[in-house]
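what's the 3D shape of this:
(2 chains)
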Amino acid sequence: MTYPKRFIRNRVSTATAIGATALLALTACGGGGAQQGTATEFTGEYTGPKVELDYWNGFTGGDGPFMEKMVEEFNAEHDNIKVVPNTIKWADMYQKLPAAVQAGEGPDVGVMHLEQLSSNAARNVIVPVDDLAEELDLTGEDFTEEVWDAGVYQDARYGIPLDVHSLAMYYNTEHFEKAGITEAPTDAASFDEALKKLKAAGYENPFWMPAKWPSHLMNLSLLWQNGGEPYDADGAKATFDSEAGVKGLEWQTSIIEDGYSPKNVAIDSQYVAFKNGENSITWDGIWQFNDLESAGVPYAAAPIPVIGEDDAVWASSHNFFLPRQAQPDENKANAAKVFIAWMSENSATWAGSGMIPARESVREEGALDGTPQEPIAEKVDSMKFLPPVPGLGTVQAETLEVGVDNAILGEQEPKEALSKVAAKASQLMEENQASFGK
Amino acid sequence: MKSSSQLGASSKEGAPGRQPTTTPTKIAAPKTNKGVAKQAAGTPWLFLAPYLILFIGFVLIPIVFGLWISLHAWDYTRPLQPFVGLANYTALFQPDSPYFESFWSSMEATGIFTLFSVPLLLTIPLAVALLMASKFPGRNFFRAVYFAPYVLGVAVISVLWRYLLDNNIGLVNYYLGVLGLPDDTAWTTSTPAAWVALVGVTVWWTLGFNAVIYLAALQDIPAELYEAARVDGANKWQQFVNVTLPGLRPVLSFVTIVTLIASVNMFGQSYLITLGGPGRETRTAIYQIAETGLRNFQMGNAAAMSYVLTLFLMLLSLIVFWLFREKKEGK
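The predicted structure is shown next:
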């Protein structure tokens, strides 16, 4: 099946090319104090009539207030651009966005996860931003290779990475102190020892193993640590039921069998329990720093320990995108680009949200010095990202997540649980491939 | 829910209409009928228009359009929607298709929920209504208390109960423990406990609606009938069986159908309280349809699923109608 995608893409890139010229002509003035010191200065400014930009994102966690603050700062600095953020849960946003864009009611700019870019590109929901990357002088050298390359679908770039974020291990420092643990565990043995010590210190269930989110991300991390790959290279087959994945899941269930975790940990309860000091260790996204800070838990963060052989952890990245517009508005498109450029340059500020700025140059300038995520950012090279396969996100939600859930709840043995859903995932991926093309 | 409350209103309006059969006001009826006959032919249509337009726009057209969608590989985010004939339907009946198992397990979940929630939602509200119909101090307050949860949205009650029912950090298990009862029931992550939780929450949430309808019907039963029964020496139970229940029969069929439809359409509770878990055991048919159509953009498959579900629902409704009609004829 082929779709008349080229035509639209050409039209959009013509429109954006005009905008690019306008931007380049205006690069003389502009720029603010906050941008000083970045390696690649982008001083483009928008001088057209006042526009309002509808900006969709899903920063509903501890990162939300920070994004709001940045948008306010941007608005204060730009008299003729008003960015109006619309924050909805990621899952809901991914559901709404295609429908909204299709109906011509989409936003002017937005943020989505790396693994969503290919699906939305294939659905013609978002448009290429190659020219913007060029204007910003962004190249792969400033980013982790995997993050940068994953933004490309069928030879066109669809996302400008803002940050990378991974799973992290949070631990209660008070509990650790009482148990006599001085250093965060880094491998299977020291992790097990820490759990034993915590248990001995009277913390009955130190590490809760959730059945739902982020359980499948833990499983993916462990699979990568064991040297496996969840999906084959060309996105036609699910391989998360390989030895590596099963081993990872078995480790997860052993945490419950060994009594370190209660059974049947429902959605979010491991995190709520951590905030209440009911458990000592929890694995969660690094974007929770601010939330934990405001909860007043004595906590610290460390990279998740290497349970398998290699250092690896699940990670994703927030990417700015430009949605397809039913009636392209040049002013808005330009303003949106100014916004993306500003955000990319100020990604050092975004580090305050707990995220790790995607640009190496920003990180090297010390954006992360003294932040809680600093030790995790050091492992940026061991971060693993899902491959850019269209439709993979929903396939994974229907299969891997269900399989992991079943195993953690003790409904099925890990091997059986994974192989059953992997077969279904492969079936769905084949269907997707037939529908989207390679 | 909207539609059911509309139905509720119309049944209330219908209630006085039933009275003429037992009271002498019957005589006045022919006169008013004559007046109606003089109207122009278009008049009834004009009166119908407001509802008819909504009905055509939001029920009739979607039904036909949905049928059309179910014959295509319909992804509304794509430029082409290829025609696939009955493939979406056959996929639901072939055990080796990826949709077979997820669909039928969700139908099973809907079946389990309906089986347990409908009888409870028919009987408990009746008991509550009987209680509320008697005279005691603070009656209006208690009526309000029982109806109050129904006013809340599904999101509110679900998030509330999700935390209350959490087996590790929830209040329900905590207080069960305080009372010396088993406090490790996984209300949201294991079956059958999850079904107990979902049915329980639904009963608590919606019993007010059925209770109010019952209450209205109870108040329509003429006091003379009870008087006559008492004179005949009927005790409380005999009065209930021979006066109250027959008096409730017309309302009972309405309540049964509405409750049945609401139960078969259950979605929000399992979507928010159990997230369909454990695994996908509490994922109901509507949940599966929403997931397929709105999250995976496979509107064709989702439409086919809805038609299969509708078919089941129609069959069930027919059975209920038949059951109630037969009793009437037998009388």
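
how near is whatever residue of the stretch 1-150 of chain B ends up closest to chain A to residue B:66?
For the stretch 1-150 of chain B and chain A, the shortest gap (Cβ to the nearest Cβ) falls at residue B:77, measuring 3.9 Å. C-betas here are computed from N, CA, C, even on glycine. To residue B:66, residue B:77 is 18 Å away according to Cβ to Cβ, to the nearest Å.

next: residue B:99.
Taking Cβ to Cβ, one finds residue B:99 at 17 Å from residue B:66.

neighbour-wise, which of these two wins?
residue B:99 (22 against 17; other Cβ atoms under 10 Å in any protein chain shown).

spell out which parts of chain B neighbour chain A.
When proximity is defined as Cβ under 8 Å from any Cβ of the partner chain, chain B approaches chain A at B:73, B:75-80, B:82, B:98, B:101-102, B:162-163, B:166-169, B:184, B:186, B:188-190, B:275, B:277-280, B:291, B:294-297.

tell me the contacts of the residue nearest to residue A:403 when sequence neighbours are not counted?
Nearest non-adjacent residue to residue A:403, counting by Cβ to Cβ, 6 or more residues apart in numbering or on different chains: residue A:421, 3.7 Å away. Neighbouring residues of residue A:421 by Cβ atoms under 8 Å, 6 or more residues apart in numbering or on different chains: A:241, A:399-400, A:402-403.

helix, strand, or coil at residue A:421?
For residue A:421, the assignment made with DSSP: H, G, I helix; E, B strand; the rest coil gives helix.

with residue A:318 instead?
strand.

what is it paired to in the beta sheet?
residue A:113, residue A:163 (DSSP bridges).

can you check the pLDDT for residue B:17?
Residue B:17 is assigned a predicted lDDT (pLDDT) of 41.

and residue A:383, by the same measure?
92.

would you confirm that it contacts residue A:145?
No - taking contacts as Cβ atoms under 8 Å, residue A:383 lies outside contact range of residue A:145: 11.0 Å.

when those two are compared, which one has more neighbours?
Comparing residue A:383 with residue A:145 by other Cβ under 10 Å, the one with more neighbours is residue A:383, at 26 against 10.

among the residues of chain B next to chain A, name the ones in strands.
Using DSSP state E to define strands, no part of the residues of chain B next to chain A is located there.

of those, buried ones?
Neighbour-count burial (16 or more other Cβ atoms under 10 Å in any protein chain shown) applied to the residues of chain B next to chain A gives B:73, B:75, B:77-78, B:98, B:102, B:162-163, B:166-169, B:186, B:188-190, B:275, B:277-280, B:291, B:294-297.

where do the helices sit along the stretch 201-331 of chain B?
Here the stretch 201-331 of chain B has its helices, by DSSP state H, counting those that start in this stretch, at B:223-231, B:236-239, B:245-264, B:268-269, B:285-290, B:299-330.

any chance of those in a markdown table, with mean pLDDT too?
A markdown table is the format used below for those (pLDDT from 0 to 100):
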| stretch | mean pLDDT |
| --- | --- |
| helix B:223-231 | 91 |
| helix B:236-239 | 91 |
| helix B:245-264 | 91 |
| helix B:268-269 | 94 |
| helix B:285-290 | 94 |
| helix B:299-330 | 85 |
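
can you redo those as JSON lines with mean neighbour count?
Shown next, in JSON lines, are the helices of the stretch 201-331 of chain B (neighbours: other Cβ atoms under 10 Å in any protein chain shown):
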{"stretch": "helix B:223-231", "mean neighbour count": "13"}
{"stretch": "helix B:236-239", "mean neighbour count": "12"}
{"stretch": "helix B:245-264", "mean neighbour count": "19"}
{"stretch": "helix B:268-269", "mean neighbour count": "22"}
{"stretch": "helix B:285-290", "mean neighbour count": "23"}
{"stretch": "helix B:299-330", "mean neighbour count": "16"}
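
quick one: which of the ones you listed is nearest residue A:165?
Proximity to residue A:165 (Cβ to Cβ) singles out helix B:285-290 among the helices of the stretch 201-331 of chain B, at 28.6 Å.

chain center to the closest one: distance?
16 Å (Cα atoms, centre = their mean, to the nearest Å).

now do residue A:73 against residue A:46, distance only.
Going from residue A:73 to residue A:46 by Cβ to Cβ gives 16 Å.

need the outlier residue of chain B, farthest from its centre.
residue B:38 (40.0 Å; Cα atoms, centre = their mean).

ok, now which ones touch it?
By Cβ under 8 Å, 6+ apart, residue B:38 has no neighbours at all.

what does residue A:61 give?
A:285, A:287-288, A:291.

would you map the strands across chain A?
Counting by DSSP E, the strands of chain A are A:51-57, A:81-87, A:109-113, A:126-127, A:152-153, A:156-157, A:160-172, A:281-285, A:299-302, A:313-323, A:356-357, A:383-384.

tabulate the ones you listed (TSV), appending distance to residue A:417.
Formatted as TSV, those follow (distance: least, Cβ to Cβ, whole Å):
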stretch	distance to residue A:417
strand A:51-57	34
strand A:81-87	35
strand A:109-113	25
strand A:126-127	35
strand A:152-153	32
strand A:156-157	37
strand A:160-172	21
strand A:281-285	20
strand A:299-302	29
strand A:313-323	19
strand A:356-357	32
strand A:383-384	22
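
more neighbours, residue A:73 and residue A:46?
Taking other Cβ under 10 Å, residue A:73 and residue A:46 do not tie; residue A:46 has more neighbours (26 against 15).

the more buried one and chain B: what is the separation?
30 Å (Cβ to the nearest Cβ, to the nearest Å).

need the contact list for the residue lying closest to residue A:58 once chain neighbours are set aside.
Leaving aside its sequence neighbours, residue A:58 sits nearest to residue A:90 (Cβ to Cβ, 6+ apart; 3.5 Å). Contact partners of residue A:90, counting by Cβ under 8 Å, 6+ apart, are A:58, A:60, A:112-113.

now the buried members of those.
In those, the ones that pass as buried (16+ other Cβ under 10 Å) are A:58, A:112-113.

dump the residue contacts of the residue in the stretch 151-300 of chain A that chain B sits nearest to.
Nearest to chain B, among the residues of the stretch 151-300 of chain A, is residue A:264, at 3.5 Å (Cβ to the nearest Cβ). The contact partners of residue A:264, by Cβ under 8 Å, 6+ apart, come to A:211, A:409, B:167-168, B:186, B:189-190, B:278.

swap in 6 Å and give it another go.
Counting by Cβ atoms under 6 Å, 6 or more residues apart in numbering or on different chains, residue A:264 touches B:167, B:186, B:189-190.
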